[in-house]
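Chemist: Build me a model from this:
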Amino acid sequence: MSEVSPDELRRVVVLDAAAQIEDQLGGHGRVLSGAVTDAPAPIPDLTVTAPGAEPDGRGRYAGGDVEAVLEVARPHLAEAALAYARSGIPLYVVVDPAAAACTVHTAPSADGGYREAERVPFGNDLFLPLAGRTLVLRTDEFPAGPPTPGAGPDAGRGIVDG
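Modeler: Below you'll find the predicted structure:
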């Protein structure tokens, strides 16, 4: 059996998650791939914007207009998470195919980091609390895979204030 590339794993997760989120938003916000935020971080895999949110003149979404960011594990996610927390993005989800688990980070701190984190193994539903509603993301179809090159065993971890 051939090994699935990290890019293919990312693509499958992003497409699956985007479809599920879009179905549940019902016009109350949008799910975007490749949306740039004001956070000094790489472009997230998926961004959920608040209802009525529009990009500024530079094509960026302010932290207050972003309800959630979803990333597939890759190198340097801890630094990105700090930037999202500092920008006030209330929900940060890391999907880690190598660990066959997701981590839902909530309660951002202005000095960086998220104060709460829940690890959820693939096969269990993720409950994503957004403003005034909760989305349910099924993980049973997320593909498990080999370690992400360069991500190391702590990719996306270490971002919870202690």
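Chemist: What backbone torsions are found at the residue nearest the centre of the chain?
Modeler: Centroid-nearest residue in the chain, with C-alpha atoms, centre = their mean: Leu70, separated by 1.4 Å. For Leu70, the backbone dihedrals (degrees, to the nearest 10) come out as phi -120, psi 130.
Chemist: Now for it: which residues touch it?
Modeler: Val14, Ala17, Pro44, Asp45, Leu46, Thr47, Val48, Val93, Val94, Val95 (C-beta atoms under 8 Å, 6 or more residues apart in numbering). Just so you know, the C-beta spots here come from the backbone N, C-alpha and C atoms, and that holds for glycine as well.
Chemist: what's the spacing between the last one and Thr47?
Modeler: Between Val95 and Thr47 the distance, using C-beta to C-beta, to the nearest Å, works out to 14 Å.
Chemist: Could you do the first one as well?
Modeler: Noted for Val14: a distance of 11 Å to Thr47, by C-beta to C-beta.
Chemist: Between the two, tell me which one has more neighbours.
Modeler: More crowded of Val14 and Thr47, by other C-beta atoms under 10 Å: Thr47, with 24 against 19.
Chemist: Which among the contacts of Leu70 count as buried?
Modeler: Buried by 16 or more other C-beta atoms under 10 Å: Val14, Ala17, Pro44, Asp45, Leu46, Thr47, Val48, Val93, Val94, Val95, out of these.
Chemist: these two touch, right, the third one and Thr37?
Modeler: The one in question is Pro44. Yes. Look at Pro44 against Thr37 with C-beta atoms under 8 Å: they come within range, at 7.0 Å.
Chemist: Between the two, which contacts overlap?
Modeler: What both Pro44 and Thr37 touch, as defined by C-beta under 8 Å, 6+ apart, is the set Val69, Tyr84.
Chemist: What residues of the longest helix seen in the chain count as buried?
Modeler: In the chain, taking DSSP state H as the definition, the longest helix is helix 6-25. For helix 6-25, burial by neighbour count (16+ other C-beta under 10 Å) applies to 6, 9-10, 12-14, 16-18, 20-21, 24-25.
Chemist: average model confidence for the helix or strand just after it?
Modeler: Downstream of helix 6-25, the first helix or strand assigned by DSSP states H and E is strand 30-32. For strand 30-32, mean pLDDT is 95.
Chemist: helices and strands around strand 30-32, which ones?
Modeler: helix 6-25, strand 46-49 (3 or more C-beta pairs under 8 Å, 6 or more residues apart in numbering; DSSP states H and E).
Chemist: Please, where are all the helices along this protein?
Modeler: 6-25, 77-86.
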